[in-house]
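K.L.:
predicted model, plus sequence, below.
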Amino acid sequence: MSVVELGRFMDDLAEASGRAILPFFRTQVGLDDKARGGAPFDPVTEADRAAEVVLRSLIRQTFPAHGILGEEFGAERLEAECVWVLDPIDGTRAFIAGLPTWGTLIGLTRNGTAVRGLMHQPYLGERFSGDGRSARLRNAAGERTLHTRPCADLGTAILATTDPRLFTEDEEAERFRAVEGTVRMSRYGADCYAYCMLAAGQIDLVVEAGLKPYDIVALIPIVEGAGGVVTAWDGGPATEGGRIVAAGDPRLHAQALRLLNG
């Protein structure tokens, strides 16, 4: 399959998952707690499951030799050269609350490296995509290339994180506060949208912890394609999730790493 055909297939995945999800949005959607009453609350909806079923079916039909890792239905053939990494609704809490800061994440790895990524927000009609070399946004206004913005200093940066309570260890929370106490402004609750806004030059820095591969793999080629940097806090690859820092400017990324590593 050519690069163009692969892009079209990913668009097909986005469209199909959007059709599965939208009938549930801003309704009294069925809800379960994967934490089974424990902490933290870990919601999953009928929409999450319906979308992942559709995504897996299309991938199996088109690429039967590929592996799949999805949030709702686990892993299959992870030893394959190419593995699809899926989060049908990243931002389920926002989805439940009727807020449009959620998206479908569709990532593709080759030999463990994230090579293609797409974030689709069907309610707003926005689609962010990247291949590590370039990144684009498609919406009702058309299509445009994404570029991160220069920001060399934490003191002028806008920081985002999904929830400061992600930092469950005392050390994690202390290191995050060290970064947050230095930036110009911080915002919470954007989930995958924070990374896409970083790629679009609206946000400068994203710091998170406790992520799974399906929370980040699709976003890596988008941020990197727009000129940004995404790593673990120790500077290593971000593909396995965990503690993640993304920056639009490599100089800012270096500053954040210094604080996050004490």
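P.N.:
Arrived safely, thanks for sending. Numbers count the residues shown, from 1 in each chain.
K.L.:
measure the closest residue to residue 262 other than its chain neighbours to residue 190 for me?
P.N.:
Nearest residue to residue 262, sequence neighbours excluded (C-beta to C-beta, 6 or more residues apart in numbering): residue 175, at 6.6 Å. Where you see a C-beta, it was placed from the backbone N, CA and C, and this is true even at glycine. According to C-beta to C-beta, to the nearest Å, residue 175 stands 20 Å off from residue 190.
K.L.:
do residue 99 as well
P.N.:
Taken as C-beta to C-beta, the span from residue 99 to residue 190 is 10 Å.
K.L.:
ok, those two, which is more surrounded?
P.N.:
More crowded of residue 99 and residue 190, by other C-beta atoms under 10 Å: residue 190, with 21 against 15.
K.L.:
show the pLDDT at residue 132.
P.N.:
Looking at residue 132, its pLDDT is 97.
K.L.:
I'd say it and residue 224 touch.
P.N.:
Yes: using C-beta atoms under 8 Å, residue 132 is in contact with residue 224, at 4.7 Å.
K.L.:
tell me which of the two has more neighbours.
P.N.:
residue 224 (23 against 17).
K.L.:
now the helix or strand hosting that one: buried residues?
P.N.:
Taking DSSP states H and E as the definition, residue 224 sits inside helix 220-225. Judged by neighbour count using 16 or more other C-beta atoms under 10 Å, the buried positions of helix 220-225 are 220, 221, 222, 223, 224, 225.
K.L.:
same check on stretch 237-245?
P.N.:
Across stretch 237-245, burial judged by 16+ other C-beta under 10 Å covers 238, 239, 241, 242, 243, 244, 245.
K.L.:
so the first one makes contact with residue 220?
P.N.:
Yes: under the criterion of C-beta under 8 Å, residue 238 lies in contact with residue 220, with a separation of 5.8 Å.
K.L.:
what touches both of these two?
P.N.:
Counting by C-beta atoms under 8 Å, 6 or more residues apart in numbering, the common neighbours of residue 238 and residue 220 are residue 230.
K.L.:
elements contacting the longest helix seen in the chain?
P.N.:
Identified as the longest helix of the chain according to DSSP state H is helix 3-21. Here helix 3-21 touches helix 46-62, strand 82-90, strand 103-110, strand 113-121, strand 126-130, going by 3 or more C-beta pairs under 8 Å, 6 or more residues apart in numbering; DSSP states H and E.
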